[in-house]
Every structure is written in structure tokens, then in C-alpha cells.
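**Q** no sequence on this one, just coordinates:
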């Protein structure tokens, strides 16, 4: 009898320890998930579109504190349903030249924006909400500032391209209008909308904003006899509900960015990439120690 009691006590102690360990593991998993959702997450760089700042095989830390972490129904997003995105309180603001990680907003075969929760891009912020952006001879310019933006070496290379010698680079650009004739060398001016900003709409300005107006209003937008209709209502101006950004890859000859697809909504931004925490050469799998913990600039 005493022997059986002893066995039961041992089994009880083992079960108690197992339950404690399992509980601790569950708590750690929950803390890790909360940390990933609200504070920092990681992102793997798959291509050289941000070279030389980032290289394929880099793994970067993404700071969500600056803008505030996003809260939304992940299951609805995975099923391509419309999601409402809310942000926790942030502790700072995005600045020009910050490197951002975001959900790609322009899926194929759609005339509006849609968040692909499984597709992330990393690009450099060139223009902020309220800025007016131009590209002159390949160089980014923000009206009212002399700040150098983006990869200057790449802009010099773009400056040397011609229509007859583009070296495989797509020269035509957003909003893909022969009437405007914008290219990645001569582009704009493009006012980048800020929340609450009002713009006049005409047959030109509608080319810049048609996708994001459809995205905000969830209604059909059309041009009839040079007049703009939202659904069945004639509109001559529009007040934006959200902030937007213009972003660019540093490897400008090989980057699918705002020069080609347009403006990035603030709600699609995950956070700011701050530091490379690991880097592995895709060719041979070796760790690139010179890049580990390197600050992203």
C-alpha cells in the first residue's frame, strides 16, 4: 500500500512539473506573439531591389513602435475579405529616407487597392503625406526642400539613360498615361495626399488618385464628358481619408515601386526597418558577419 502511494506521489509530482513547464511554454509563446504583433517583427529580404542598403539574404528588424502596431482580423485578410485596420498609439513619425516594410497594395487585375497579407515589400520613403514630388532628370525633388532623397548613385545612373538606350529599364511610369508622358526621368509634380487634404478633380488629377479614391469609397469612379462621377454622383473635389506615401527601391533600375504603381496607404505600412540582425549569402549559405547587426541607413 505504501509502495503504491509512493508511486502515485511520484506520478503526481511529475505531472505537476509537466503542467508547469507546459504552462510556462504557453506563456512564452503568448509573450512572443504579443511582442511580434505590437513591438518588433522580422522580415527576410528576398531580392536586390534595395541594394546596396539591403541585400538578398538579409533579415531585418522592423520597428512597429514608431507608427504604432496594426490590429486587424488576420483570418479575413487571409481570405481576401475587406479588413478594418486599427493602429495602436505610436511614439514617432515616419521621415523621408526611412526604410519601410509594407503589404503590397496593388494586386494584379484590380483597379483599386487591396492588401495582400502574405506579400511584403521593403522600400525607402521618398515623399510624405502633403509633399509635392517631382523627378527631374532622374533625381527626386520635394518642393520646398533641398534634401537628398534615395540612392543618389542610382539616380545618377537613371539620369544617363535615354529612350533609345534604356538598357532594359522600363522608362514609362505611373500613371501610365500617354497624355502626360511621365517617365522615371521626368515625373510630376505629384501632390502626395494627406488625411483631410482636399484636391480638385479633373481629367488630369483623376489619373493620379482614381485607385485610392475607389479604395477609400468602395464605389465605382468614372470619367464622362470630362466630368468625374463617384457612383452616380458628380464630384469636383475630394477629401482624402488617409495618409499616403511615395516609396522607392535603392536599386532603381530593378525595383517595382511607386514610380510604377503609385501611392502607398499608411494603413498598409508594417513599420520601419532599423537593423540587419542576420545575413546569409543565398549562393553558399554562409553567414555574412560584416552585415550582422548593421544599422539600416
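**A** Everything's here; your move. Quick caveat, the model's predicted, so the values are computed rather than measured. Residues are numbered from 1 along each chain as shown.
**Q** And the residue nearest the centre of the chain, its phi and psi?
**A** Compute the mean C-alpha point of the chain, and by Cα atoms, centre = their mean the closest residue is residue 102, 2.3 Å away. Taking degrees, to the nearest 10, you get phi -150, psi 160 for the backbone angles of residue 102.
**Q** Would you confirm that it contacts residue 116?
**A** No. With contacts counted by Cβ atoms under 8 Å, residue 102 stays clear of residue 116, the gap being 10.5 Å. No exception for glycine: its C-beta is placed from N, CA and C like everyone else's.
**Q** by contact count, what packs against the one helix or strand residue 214 maps to?
**A** For residue 214, the host element (DSSP states H and E) is helix 205-217. Packing partners of helix 205-217 (3 or more Cβ pairs under 8 Å, 6 or more residues apart in numbering; DSSP states H and E): strand 221-224, strand 227-230.
**Q** tell me the domain ranges of this structure?
**A** Using automatic domain parsing, the domain parsing of the chain gives 1-38, 39-197+240-295.
**Q** I'd like those as JSON lines, with mean pLDDT appended.
**A** What follows is the domains of the chain, written out as JSON lines (pLDDT from 0 to 100):
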{"stretch": "domain 1-38", "mean pLDDT": "68"}
{"stretch": "domain 39-197+240-295", "mean pLDDT": "92"}
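**Q** Deepest-packed of those domains, please.
**A** domain 39-197+240-295 (a mean of 17; mean count of other Cβ atoms under 10 Å).
**Q** The residue nearest to the centre of the chain and residue 70, how far apart?
**A** To residue 70, residue 102 is 10 Å away according to Cβ to Cβ, to the nearest Å.
**Q** How about residue 50?
**A** 22 Å.
**Q** now swap in residue 53 and tell me
**A** Using Cβ to Cβ, one gets 24 Å for the distance from residue 53 to residue 70.
**Q** again with residue 89
**A** 12 Å.
**Q** so which of the helices and strands packed on helix 205-217 gets nearest residue 189?
**A** strand 227-230 (20.1 Å; Cβ to Cβ).
**Q** Show me what whichever helix or strand comes after that closest one pairs with in its sheet, parallel or antiparallel.
**A** Per DSSP H and E, the first helix or strand lying C-terminal to strand 227-230 is strand 233-235. The pairing partners recorded for strand 233-235 under DSSP bridges are strand 227-230 (antiparallel).
**Q** So which residues make contact with the partner strand?
**A** 201-202, 206, 213, 217, 219-223, 234-236 (Cβ atoms under 8 Å, 6 or more residues apart in numbering).
**Q** Next, format those as JSON lines and append neighbour count, distance to residue 139 and pLDDT.
**A** Output for those, formatted as JSON lines (neighbours: other Cβ atoms under 10 Å; distance: Cβ to Cβ, whole Å; pLDDT from 0 to 100):
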{"residue": "201", "neighbour count": "21", "distance to residue 139": "29", "pLDDT": "94"}
{"residue": "202", "neighbour count": "14", "distance to residue 139": "28", "pLDDT": "92"}
{"residue": "206", "neighbour count": "19", "distance to residue 139": "27", "pLDDT": "94"}
{"residue": "213", "neighbour count": "22", "distance to residue 139": "29", "pLDDT": "95"}
{"residue": "217", "neighbour count": "15", "distance to residue 139": "35", "pLDDT": "93"}
{"residue": "219", "neighbour count": "14", "distance to residue 139": "38", "pLDDT": "90"}
{"residue": "220", "neighbour count": "12", "distance to residue 139": "38", "pLDDT": "89"}
{"residue": "221", "neighbour count": "20", "distance to residue 139": "32", "pLDDT": "90"}
{"residue": "222", "neighbour count": "13", "distance to residue 139": "36", "pLDDT": "89"}
{"residue": "223", "neighbour count": "14", "distance to residue 139": "32", "pLDDT": "87"}
{"residue": "234", "neighbour count": "9", "distance to residue 139": "39", "pLDDT": "93"}
{"residue": "235", "neighbour count": "15", "distance to residue 139": "35", "pLDDT": "94"}
{"residue": "236", "neighbour count": "9", "distance to residue 139": "34", "pLDDT": "94"}
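**Q** Fine, thanks again, bye for now.
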